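Asks: Fold the following and give me the result.
(one chain, ligands or ions: 2)
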Amino acid sequence: MEYKNPLGVDIDLETGVIPGAKKLVRRLSDLKGYFVDEKAYEELLKENPVVYEVYAIEQEEKDGDLNFATTVLYPGKVGREFFFTKGHYHSKADRAEIYYGIKGRGGMLLQTPEGKAEWIEMKPGTVVYVPPYWAHRTVNTGDEPFIFLAVYPADAGHDYGSIAEKGFSKLVVEENGEVKLVDNPKWKE
Ligand SMILES: O=C(CO)[C@@H](O)[C@H](O)[C@H](O)COP(=O)(O)O
Ligand SMILES: [Fe+2]
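Replies: Ligands and ions are numbered 1, 2, ... in the order given. Modelled structure (predicted):
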């Protein structure tokens, strides 16, 4: 039997960086079609800001193993909508996941394939359990980077397709200085 080596790493709790991790950068241009206000999107695209970065330590896609990653989701809005991650189902849809809030403020929008949505607020110390079959997207509702850790099965995979196409049934927006969930006018089941 060949055993893998255990690993301990220190997440930089200020920046979210995991030493030795693979870094992924998502700019606004990578999120074309995701925000409802297309005019506001085109306007901000001139700056094309980084919306989020992911630092991932991933294993081979095998049953039983675990990946983990931090996400640094920057503050900002497109129109009334707060910056968010793309959001996905897992390719192996029955794979669950755990998120843990490290820094900043935000929340997770979750949704079943039928479009039933849930919103869970997150702050440092919040643990979110993402059950099997739920799509999940994080949203930065604050004014500093929102940083969190995710731990997920190594064979979970990412299925971006249906969220990229239809979005979530709810939008997370700012209304009179408050965070509100409103119906997505573009949502179609
Ligand atoms: O849920 C997971 C892994 O299953 C997170 O590590 C996200 O991948 C990350 O927060 C970026 O979000 P997406 O762009 O992948 O939706
Ligand atoms: Fe996930």
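
Asks: how close does residue 160 sit to ligand 1?
Replies: 7 Å (CB to the nearest ligand atom, to the nearest Å). Where you see a C-beta, it was placed from the backbone N, CA and C, and this is true even at glycine.

Asks: chain center to the longest helix seen in the chain: distance?
Replies: In the chain, with assignment by DSSP state H, the single longest helix is helix 38-45. Relative to the mean C-alpha coordinate of its chain, helix 38-45 is positioned 21 Å out (CA atoms, centre = their mean, to the nearest Å).

Asks: Tell me who's in contact with residue 62.
Replies: 154, 155 (CB atoms under 8 Å, 6 or more residues apart in numbering).

Asks: And what about it, helix, strand or coil?
Replies: Going by DSSP: H, G, I helix; E, B strand; the rest coil, the secondary structure assigned to residue 62 is coil.

Asks: Now the residue lying closest to residue 104 once chain neighbours are set aside: phi and psi?
Replies: Leaving aside its sequence neighbours, residue 104 sits nearest to residue 146 (CB to CB, 6 or more residues apart in numbering; 3.7 Å). The phi/psi pair for residue 146 (degrees, to the nearest 10) reads phi -100, psi 120.

Asks: where's residue 146 relative to residue 136, distance?
Replies: Separation of residue 146 from residue 136 (CB to CB, to the nearest Å) stands at 14 Å.

Asks: can you check residue 52 too?
Replies: Residue 52 is 14 Å from residue 136, by CB to CB.
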